[in-house]
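S.K.: what follows is a predicted protein model with its sequence.
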Amino acid sequence: MGTFLKNRRDRVTPADVGLRTYGTSRRVPGLRREELAQLAGVSAGYYTRLEQGQAETASEQVLGALARVLRLDAVETVHLGNLARQSGKSGLSEPPPEEAHPRVLALLDSLGGTTPAVVLGRRGDVLAWNRTGHALVAGHVPFDAPHDPARRPSIPRMFFLDPLTRDLHRNWHELARIHVAYLRLTAGRYPTDARLAALIGEITMRSDDFATLWATGDVADCTVGAMRFQHSTVGAVNVSYQVWLQPDSPDHRLEVYTPDDPPSTDALRILAQQSQT
């Protein structure tokens, strides 16, 4: 939490919050701790302990005041609350293998073969996909790979470490920022997940792009957006993705892709026909 607070404090200038500096030189890029504490209505000593990880907890009222002064958006505010609630926990634990809920699988099946769709787990592992979804996002990976937890494709790992996946996306840089920001949001929800920590550590060590984006501290949810594919079989495909969450398994996401234009509709139809043979 302290790292996140400092990162966001550095981004808020005195002018942003109506403070006058009277032309004095400043050694920090954003607000000083004392200034943030005063604006949030807490003591400078208490805020310093929060940022240094020496305070055990912070009330919802304090977190709300900090979020207001730091100009956090809704997702960043949720992330701050997650970090505050988890600040007392330590150590990593090995979570059990994830399994897609039967209702999610039934919904995936109901989409048939014409609408590409993928079921993603907490860490971005593919838990299931239909034939067209597989052909669209990772046709070079065995279709049955999600059936075995040890072989499941990791979308974040492939996105940053697999050249074929990178070449597939014409808007790779835009999507890369979203991937990293969503992973950080997830890490705030599950700070003791050993597999998630190992995934982030692995990609950070092996991808300079990931390490640079991770260092920004950005946080974002990932529910809707655009993907611009350059598919090896059907060429340019422009789709919108939307994520469906299930109350029974809130960690799992059904990601559905719909075409943005007539050529993309035709391309997905061809892809669906080829993937069913």
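M.R.: Sure, I can see it. Numbers count the residues shown, from 1 in each chain.

S.K.: at which residues are the strands of the chain located?
M.R.: Remark: strands assigned in the chain by DSSP state E are 117-120, 126-129, 224-231, 235-246, 249-259.

S.K.: what about the helices in the stretch 51-200 of the chain?
M.R.: Assigned by DSSP state H, counting those that start in this stretch, the stretch 51-200 of the chain shows helices spanning 60-69, 74-86, 102-110, 131-138, 155-161, 163-168, 172-189, 194-206.

S.K.: now mean pLDDT and mean neighbour count too, for these, in TSV please.
M.R.: Every C-beta, even on glycine, is put in place using the N, C-alpha and C of the backbone. As requested, those are arranged in TSV below (pLDDT from 0 to 100; neighbours: other C-beta atoms under 10 Å):
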stretch	mean pLDDT	mean neighbour count
helix 60-69	92	17
helix 74-86	90	18
helix 102-110	91	14
helix 131-138	96	23
helix 155-161	97	21
helix 163-168	96	14
helix 172-189	95	19
helix 194-206	96	16
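
S.K.: just put those helices in TSV and tack on distance to V119.
M.R.: Rendered in TSV, the data for those read as follows (distance: least, C-beta to C-beta, whole Å):
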stretch	distance to V119
helix 60-69	32
helix 74-86	22
helix 102-110	6
helix 131-138	9
helix 155-161	11
helix 163-168	18
helix 172-189	16
helix 194-206	17
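
S.K.: of those helices, which is nearest P96?
M.R.: Nearest to P96 among these is helix 194-206 (10.2 Å), distances taken as C-beta to C-beta.

S.K.: how about residues contacting the closest one?
M.R.: 92-95, 122-124, 154, 156-157, 160-161, 183, 186-187, 190, 210-211, 214 (C-beta atoms under 8 Å, 6 or more residues apart in numbering).

S.K.: quick check: end-to-end length of stretch 122-135?
M.R.: Stretch 122-135 has an end-to-end distance of 22 Å (criterion: C-alpha to C-alpha, to the nearest Å).

S.K.: that stretch: how far from the chain's middle?
M.R.: Chain-centre distance of stretch 122-135: 16 Å, with C-alpha atoms, centre = their mean, to the nearest Å.

S.K.: can you tell me which of the strands of the chain is packed in deepest?
M.R.: Each of the strands of the chain was scored by mean neighbour count; the highest is strand 117-120, a mean of 25, by mean count of other C-beta atoms under 10 Å.
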